[in-house]
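S.K.: after the sequence you'll find the predicted model.
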Amino acid sequence: MKVTISDVARLAGVSTATVSHTINNTRYVSSETKEKVYQAIAELGYTPDASARSFRTGKKKTVGFIVPDISNKFFGTMIESVENYLSAHGYHLIIANTKEDADREETNIRLLTAGLVDGLLVASTMEDFARFDQLIPAGFPVVLVDRTFETKKYSSICVSNFQPIYRSVCRLAGKGDTRIGIIGGLPRLSSTRERISAYQQAVADCGLPQDEALIRYGDSMENSARACLDELLEQNCDAVIVCQGLMASETIIYLHMKGIQLARDIDLVSFVDYDSNFYQLYANQMDCIVQPVEDLGTAAGEQILKRIEDPEAPVFEKVLTSAYRPYDIPNSWAHSDR
C-alpha cells in the first residue's frame with residue numbers, strides 16, 4: 001500500500017498540516033519537530049508526488065547533490081564548481097555523502113526529494129536502475145552526474161575517457177611495454193565499465209596479451225590502490241594505468257615508498273582530477289588523463305536549473321571529454337636502460 005502523509009503524521013505524532021509545512025517549508029516548524037517528521041519519512045519510505053500542488057506553490061531555491069565520497073578531491077572540486085554556478089543564480093546547495101553505499105544513497109534521495117530541494121544532482125553508486133528509478137517522485141527534476149545508467153530516463157552530464165585510455169595503451173605499447181596493467185574503480189559503475197572497455201579494445205588492437213590478471217578493481221576510496229598495485233607488480237607489469245585520481249596519487253606515493261621509479265622502472269598513466277602541485281612534481285615522469293572537473297560541475301549546475309524551470313523538457317545527455325597529456329621521454333630513459 002502507498003504510504004500517505006497521514007501515515008507520516010501518525011508516526012511522527014504531529015498533524016498532517018505540520019508534515020506538509022515541514023516538507024514544503026511554508027511555515028515555521030521547530031527543529032525538533034522537523035527531525036521527527038524526516039525520521040518518519042525515512043522509516044516509512046514516504047515519497048511525495050512531485051506533481052502535487054505542494055511542489056508548485058513556490059521554489060525553495062535549493063538543489064541537492066548526492067556524491068559518493070566527499071573526501072575525494074574530484075567531487076570536492078566539482079561541488080565547489082556547482083555551488084559557484086548555483087550561487088550566482090540565487091540558489092543554495094545541499095550536499096549528501098553516500099560513501100559508495102547504495103542504502104545511504106536511497107535514504108538521502110528519499111529525504112531530499114521529500115520537499116527539501118527543487119532538484120537533485122546525483123553521482124549514483126547504484127547498479128540497479130529500477131531501484132534508483134522507483135525512488136524518484138514523478139516529474140522531479142534530476143540530473144545524473146559523472147555516472148549514468150544504460151536506461152536513459154534521466155538527463156546526465158558525464159565525461160568520456162574512452163579515447164584517452166585507448167591512446168595511452170597504444171602509446172605504452174609503442175614504447176615497448178607488453179605487460180600493461182590497469183586499476184579501475186568499482187566494477188558496477190558506468191565510468192569504470194567504459195574505462196576497462198577502452199583498455200581491453202586497445203590491448204586487442206595493439207596485439208598485446210589479453211590477460212584478466214592485469215585488470216584490478218579498487219573501490220575508488222582512499223587506501224584501495226595498494227593491494228591492486230601489489231597484485232599487478234606480481235604479474236611483472238611494466239606499465240600501469242590508474243583510472244581514478246585518488247587512487248592514482250596513492251599509487252605514486254606507494255611506488256615511491258617501494259623504491260620504484262616512475263618512467264625508469266615502470267610507466268604510469270595517471271588520472272588527474274584537479275589542479276595540484278603534487279601532480280606537477282611528476283609531470284615529466286608519467287602520462288596524464290586530465291578530467292574537466294570544473295566544467296563538469298558548471299554544466300551540472302546549469303542543466304539542473306534548466307530542468308527545474310522546465311521539468312517536462314526532453315531528456316538530454318551531455319558528454320565532456322578528458323585530455324590526454326603524454327610526457328616527453330628523456331633520451332636517457334629508454335627501455336634498453338631498464
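M.R.: Noted; the coordinates are in hand. Numbers count the residues shown, from 1 in each chain.

S.K.: where along the stretch 1-150 of the chain do the helices fall?
M.R.: 5-12, 16-24, 31-44, 73-88, 102-112, 129-135 (DSSP state H, counting those that start in this stretch).

S.K.: of all these, which one is nearest residue 266?
M.R.: helix 73-88 (23.9 Å; CB to CB). The way it works is simple: take the backbone N, C-alpha and C, and place the C-beta from them, glycine included.

S.K.: quick one: buried residues of that closest one?
M.R.: The neighbour-count criterion (16 or more other CB atoms under 10 Å) identifies 73, 74, 75, 76, 77, 78, 79, 81, 82, 83, 85, 86 as the buried residues of helix 73-88.

S.K.: how close does the nearest residue to residue 92 once chain neighbours are set aside get to residue 304?
M.R.: For residue 92, ignoring the flanking residues on the chain, the nearest one in space by CB to CB, 6 or more residues apart in numbering is residue 62 at 4.7 Å. The gap separating residue 62 from residue 304 is 11 Å, by CB to CB, to the nearest Å.

S.K.: do residue 86 as well
M.R.: Separation of residue 86 from residue 304 (CB to CB): 8 Å.

S.K.: who touches both of those two?
M.R.: Common neighbours of residue 86 and residue 304, counting by CB atoms under 8 Å, 6 or more residues apart in numbering, are residue 63.

S.K.: for this structure, give me the ranges with low pLDDT.
M.R.: Applying pLDDT under 70 to the chain flags the ranges 1, 25, 48-58, 220-222, 274-280, 329-338.

S.K.: would you map the strands across it?
M.R.: For the chain, the strands identified by DSSP state E occupy 62-67, 92-97, 119-122, 142-145, 155-160, 180-184, 215-217, 239-242, 267-272, 287-290, 317-321, 323-325, in order along the chain.

S.K.: give me the more crowded residue out of residue 62 and residue 304.
M.R.: More neighbours surround residue 304 than the other of residue 62 and residue 304, with 29 against 16 (other CB atoms under 10 Å).

S.K.: if we can go back for a sec, so the residue nearest to residue 92 sits against residue 118, correct?
M.R.: Yes: in terms of CB atoms under 8 Å, residue 62 counts as a neighbour of residue 118; the distance is 6.1 Å.

S.K.: next, show the common contact partners of the two.
M.R.: With contacts defined as CB under 8 Å, 6+ apart, the residues adjacent to both residue 62 and residue 118 are residue 91.

S.K.: how much space between residue 95 and residue 75?
M.R.: 9 Å.

S.K.: anything in contact with each of those two?
M.R.: Taking CB under 8 Å, 6+ apart as the criterion, residue 95 and residue 75 both touch residue 67.

S.K.: tell me, how many residues neighbour residue 124?
M.R.: Residues within reach of residue 124, counting by other CB under 10 Å, total 25.

S.K.: and the gap between it and residue 102?
M.R.: According to CB to CB, residue 124 and residue 102 sit 8 Å apart.

S.K.: returning to that earlier point: which one of the helices of the stretch 1-150 of the chain lies nearest to residue 226?
M.R.: Comparing the helices of the stretch 1-150 of the chain under CB to CB, the one sitting nearest is helix 73-88, at 18.6 Å.

S.K.: quick one: that closest one to strand 62-67, angle?
M.R.: In terms of direction (axes from the mean of the first three to the mean of the last three CA atoms, to 10 degrees), helix 73-88 departs from strand 62-67 by 170 degrees.

S.K.: from residue 67, how far out is the residue lying closest to residue 59 once chain neighbours are set aside?
M.R.: Here the nearest residue to residue 59 in space, its sequence neighbours aside, is residue 118; by CB to CB, 6+ apart that works out to 4.9 Å. In this structure, residue 118 and residue 67 are separated by 18 Å, where distance is defined by CB to CB.

S.K.: higher neighbour count, these two?
M.R.: residue 67 (27 against 23).

S.K.: tell me what the more buried one is bridged to.
M.R.: Residue 67 has these beta-bridge partners by DSSP bridges: residue 97.

S.K.: show me the contacts for it.
M.R.: Going by CB under 8 Å, 6+ apart, residue 67 touches 75, 78, 79, 95, 96, 97, 98, 123.
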